[in-house]
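Visitor: 3D model of this:
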Amino acid sequence: MKRVAAIDFLRALAIIGMVASGSMFWHAELPAAMFHAQLPPPTFVFNPDVAGITWVDLVFPFFLFSMGASMPLALRRREQKGASTMQVVQSALHRFVWLAGFAIILGNTRMYLLGNSPEWVASLATLCVWVLFFVMFIRLPKIEQRRNTILNWVGFALLIGATLLYKPLFGVDVALERSDIIILILANMALFGTLFWWFTRNHPTTRIVIIAAFAMLKMASGVEESWTAHLWQFSPADWLFRFEFLKYLCVVLTGSLVGDMIYRWMSAKKENDDTATDNGSLSIAIVATLIATVVLLMWGLFSREVETAVYLSVALCLATWFMLKGLRSEHSVLYREIFVAAMAMLLIGLITEPMEGGIKKDHATVSYFFTTSAMAAMVLLSALMLEIRFKLRFKVLEACGANPMFAYVASGYLLTPLLTLCCVIGPMNEWFHSGPWLSFGRGVVFALLVIAVTYPFTRKNYYWKS
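Guide: A predicted model of the protein is given here:
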């Protein structure tokens, strides 16, 4: 089954958002909306009492949602090829080990950890790690799978060895506890999301109950000395798994329900159906109201004009629904299904918003999971409508979504050391430090560079896969 460009687009927005937010300089004069809501300028001191979300707070749930949405497409393909439950479980465990190892290696080999070494040494060491990442994850298009697997394991083994050499060569302590938390959470979501989807693949109602159970468990864990609090804090190995990670299944499994809808649509549509008969102006209006709803929610929840945002978003959603009912193509059934799912998520998110001190990414609230899932679904639906009705694609951007691990490390392990070796990074940073919006511009420039370097590799089918 072919890739769904809209899912790649959503994942790409998340990856590029991560790169931009991680590469920009934190300038105290920039608006607070440019940072995580709980890390406001000018001090950037973490304050868990600040409610609201910004665009930076959307990138992680957007990625989780796209992960969930892609699961039915990938796993149904395996099911059709006759994969057994044991094979799926083994594959999920393999991916977990691969991604968890990736997270730990990332946490111990960041270039900034080599600050006591000459810049050229730090740059070359980081580039060597990038090459080994390439060997560990690459899927070469013209090599048989068995040989490719051997190549990947060799890369993994060499990476472990190279990481362990950081202590004797550079004086950098290596620890299992030092990891890339984003990738570590994704490793857990890849494992448990796959298992929960597989065992409920024909019982979506059961999956909805599981989502509700984790949401309620998250809220109940706030009761001190309760069994739910103890369970939430449980961890057999803190560096690898914490039970509280499972709260993100609220986003992943919700995304998988939308993925089920897309899979059913793709399975049912005729192979020769390339015609979209929906009214073009009406389709554009629907996309506009969907994006307007996302922007409105961001504004209202950040500025704490929550009541106004609720009323206006209800009005926009009703307008969108009536316009969706005016579509007559066979695609419109899928559009309405996704929209209804998004509205259900948004309803839960807005109803629970006043609880837990308001919506927050850190520490994450139930409202955060469902509101951001609804926003992700609306962006996905917008991209899907543009793709189907107007054949409008964002191929350069989608390349990052189709090759996310490559794009994720390109900035820190490829571009930064290369720019350092070329003696460019110093003058660049000095210039970007000279003004608040130039500080943000650094994130934009690095995001564009990541797109520029990822696109040709993806076009040549050099994918990094776990």
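Visitor: what segments of the stretch 251-400 of the chain are helices?
Guide: 280-303, 306-325, 331-351, 366-390, 395-402 (DSSP state H, counting those that start in this stretch).
Visitor: spatially nearest residue to residue 308 (excluding sequence neighbours)?
Guide: Leaving aside its sequence neighbours, residue 308 sits nearest to residue 300 (CB to CB, 6 or more residues apart in numbering; 5.9 Å). In short, each C-beta sits where N, CA and C put it, glycine included.
Visitor: residues touching that neighbour, list them.
Guide: Going by CB atoms under 8 Å, 6 or more residues apart in numbering, residue 300 touches 306, 308, 309, 310, 312, 313.
Visitor: gap between residue 192 and residue 256?
Guide: For residue 192, the distance to residue 256 equals 12 Å [CB to CB, to the nearest Å].
Visitor: neighbour count winner among those two?
Guide: Taking other CB atoms under 10 Å, residue 192 and residue 256 do not tie; residue 256 has more neighbours (29 against 19).
Visitor: quick one: the more buried one and residue 66 touch, right?
Guide: No. Using CB atoms under 8 Å, residue 256 makes no contact with residue 66, being 10.7 Å away.
Visitor: residue 16: neighbour count?
Guide: Residues near residue 16, counting by other CB under 10 Å: 23.
Visitor: tell me which element it is part of?
Guide: Secondary structure assignment for residue 16, by DSSP states H and E: helix 5-23.
Visitor: give the rounded mean pLDDT of that helix.
Guide: The pLDDT scores in helix 5-23 average 96.
Visitor: quick one, what contacts the residue most central in space within the chain?
Guide: Geometric centre of the chain, nearest residue: residue 63, 1.6 Å, by CA atoms, centre = their mean. For residue 63, the contacting residues are 11, 14, 15, 18, 186, 404, by CB under 8 Å, 6+ apart.
Visitor: which one of those is nearest residue 150?
Guide: residue 404 (24.0 Å; CB to CB).
Visitor: the closest one - nearest residue in space that isn't next to it in sequence?
Guide: Nearest one to residue 404, counting by CB to CB, 6+ apart, is residue 15 at 5.3 Å.
Visitor: residue 114 too?
Guide: Residue 114 sits nearest to residue 122 (CB to CB, 6+ apart), 3.7 Å away.
Visitor: was I right about the one you found contacting residue 109?
Guide: No. Taking contacts as CB under 8 Å, residue 122 lies outside contact range of residue 109: 10.5 Å.
Visitor: who has more neighbours, those two?
Guide: residue 109 (26 against 22).
Visitor: so that one versus residue 127, what's the distance?
Guide: For residue 109, the distance to residue 127 - CB to CB - is 11 Å.
Visitor: give me the low-pLDDT residue ranges for the chain?
Guide: For the chain, the stretches with pLDDT under 70 are 1, 270-276.
Visitor: which secondary structure state does the residue of it most remote from its centre sit in?
Guide: When distances are taken from the C-alpha mean of the chain, residue 168 lies farthest, 35.2 Å away, according to CA atoms, centre = their mean. Assigned by DSSP: H, G, I helix; E, B strand; the rest coil, the conformation of residue 168 is helix.
Visitor: how close does it get to residue 417?
Guide: 21 Å.
Visitor: next: residue 66.
Guide: Applying CB to CB to residue 66 and residue 417 gives a distance of 29 Å.
Visitor: who's more crowded, these two?
Guide: Neighbour tally, residue 66 and residue 417, criterion other CB under 10 Å: the higher count belongs to residue 66, 31 against 23.
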